[in-house]
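>>> Quick one, what's the 3D model for this:
(one chain, ligands or ions: 1)
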Amino acid sequence: MEGKRKSIGFTYALNGLKEVFQSEHNFRLHMLSIILVVIAGYYFDIDTIEWLAVIIVIGLVVTTEMVNTAIEEIINYVKPEIHPAAKKIKDIAAGAVLIASLTAIIVGFVIFIPKIF
Ligand SMILES: Nc1ncnc2c1ncn2[C@@H]1O[C@H](COP(=O)(O)OP(=O)(O)OP(=O)(O)O)[C@@H](O)[C@H]1O
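Got it, this is the predicted structure:
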């Protein structure tokens, strides 16, 4: 019973991933970037620590993107009209995605630039 409830919860979580993938252009771009980074990781034979850094920033970007999308959905649901508070909340959530993405870019540069040149 407990196991079944857990698997239903997992199905809902996967459904959330599918929702974001289908509705968010940015999320699909992030997925493409992840595929390219993983290919680059294998190509340049990065070490274990470098893989860990790559995996952590990928998790950070995907998580913030999903939380940002959930926040946007909440605002669109509770405050669909124009409101300064709605703007502030969405801008802050978008800022979190920007910080996560910049962190990922910096980590990517630190790992791959010395291997390319
Ligand atoms: N209800 C609102 N009231 C005031 N400003 C809003 C409102 N909804 C959106 N905005 C402004 O428009 C920006 C874009 O919001 P929107 O909901 O379109 O997200 P988005 O840019 O489409 O995000 P994504 O591309 O991740 O879906 C917000 O960051 C905010 O500045």
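
>>> what's around Phe112, how many residues?
Neighbourhood size, Phe112 [other Cβ atoms under 10 Å]: 18. All C-beta atoms are positioned from the backbone trio N, CA, C, and that covers glycine.

>>> After the lowest-mean-pLDDT helix or strand in the chain, which helix or strand is next? Please name it.
Across the helices and strands of the chain, mean pLDDT, DSSP states H and E gives its lowest value to helix 2-23, namely a mean of 87. Once helix 2-23 ends, the next helix or strand along the chain (criterion: DSSP states H and E) is helix 25-43.

>>> how much distance is there from that next one to the middle of the chain?
Centroid displacement of helix 25-43 relative to its chain, using Cα atoms, centre = their mean, to the nearest Å, is 11 Å.

>>> by how many degrees do that helix and helix 2-23 diverge?
100 degrees (axes from the mean of the first three to the mean of the last three Cα atoms, to 10 degrees).

>>> who touches helix 25-43?
Applying Cβ atoms under 8 Å, 6 or more residues apart in numbering, the contact partners of helix 25-43 are 20-21, 50-51, 54, 58, 61-62, 65-66, 69, 97, 108, 112.

>>> hmm, that helix touching the ligand?
Yes - on the criterion Cβ under 6 Å from any ligand atom, helix 25-43 is in touch with the ligand at Asn26.

>>> After that helix, which helix or strand is next? Please name it.
Counting by DSSP H and E, what follows helix 25-43 is helix 48-78.

>>> and that following helix, average pLDDT?
The average pLDDT for helix 48-78 rounds to 97.

>>> In it, which of the residues would be classed as buried?
Residues of helix 48-78 classed as buried by neighbour count (16 or more other Cβ atoms under 10 Å): 50, 53-54, 57-58, 60-62, 64-66, 68-69, 71-72, 75.
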